[in-house]
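Trainee: Sequence and predicted structure below; questions after.
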Amino acid sequence: MEQRRCAVCQVPHTRWRDQAHTMPASYCHECHARHMRDTRPKHTKLSKTQRRRANARAYANTYQRRGKLAPMPCEKCGIEETVKHHDDYRKPLAVRWFCRPCHRAHHSSLG
């Protein structure tokens, strides 16, 4: 495993940007966590719509981690590596599966 240095604190680290371990991250875990704490808006500062979306994503992610929501192939092109898409955030487990390019195309076609 390739060892990189953090772009902020120069400490060696082995953090990756992706689950396949093909792209090493620029920052160590501690610097990345500090940046996220400093820049992400607090849940209480989100609008009602943003909070509903965040809650639906978190709920679906939890079910996926527990194995109760299994990823499916892209409904447009059939590629196996997919992401979740919510048509209605009030139904957090009602998701559609798209690959990244098809997901972007779906959103651009919505307006």
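Mentor: On my side now, so go ahead.
Trainee: Can you tell me the closest non-neighbouring residue to the most centrally placed residue in the chain?
Mentor: Against the mean C-alpha coordinate of the chain, by CA atoms, centre = their mean, the closest residue is residue 83 at 8.3 Å. For residue 83, ignoring the flanking residues on the chain, the nearest one in space by CB to CB, 6 or more residues apart in numbering is residue 103 at 5.6 Å. (Each C-beta comes from the backbone N, C-alpha and C, glycine too.)
Trainee: can you check residue 25 too?
Mentor: That would be residue 15: by CB to CB, 6+ apart, it lies 4.2 Å from residue 25.
Trainee: same deal with residue 53?
Mentor: In space, and not counting its chain neighbours, residue 53 is closest to residue 89: 5.0 Å by CB to CB, 6+ apart.
Trainee: if I pick that neighbour, what's in contact with it?
Mentor: Neighbour list for residue 89: 52, 53, 55, 56 [criterion: CB atoms under 8 Å, 6 or more residues apart in numbering].
Trainee: if we can go back for a sec, near the residue nearest to residue 83, how many other residues are there?
Mentor: Other residues near residue 103 come to 18 when the count uses other CB atoms under 10 Å.
Trainee: Tell me if it really is in a helix.
Mentor: Yes - under DSSP: H, G, I helix; E, B strand; the rest coil, residue 103 sits within a helix.
Trainee: Touching, it and residue 86? I think so.
Mentor: No - between residue 103 and residue 86 there is no contact under CB atoms under 8 Å: 11.3 Å.
Trainee: returning to that earlier point: near the residue nearest to residue 25, how many other residues are there?
Mentor: By other CB under 10 Å, neighbour count at residue 15 equals 15.
Trainee: which residues are in contact with stretch 20-28?
Mentor: 1-2, 4, 6-9, 11, 13-17, 32, 35.
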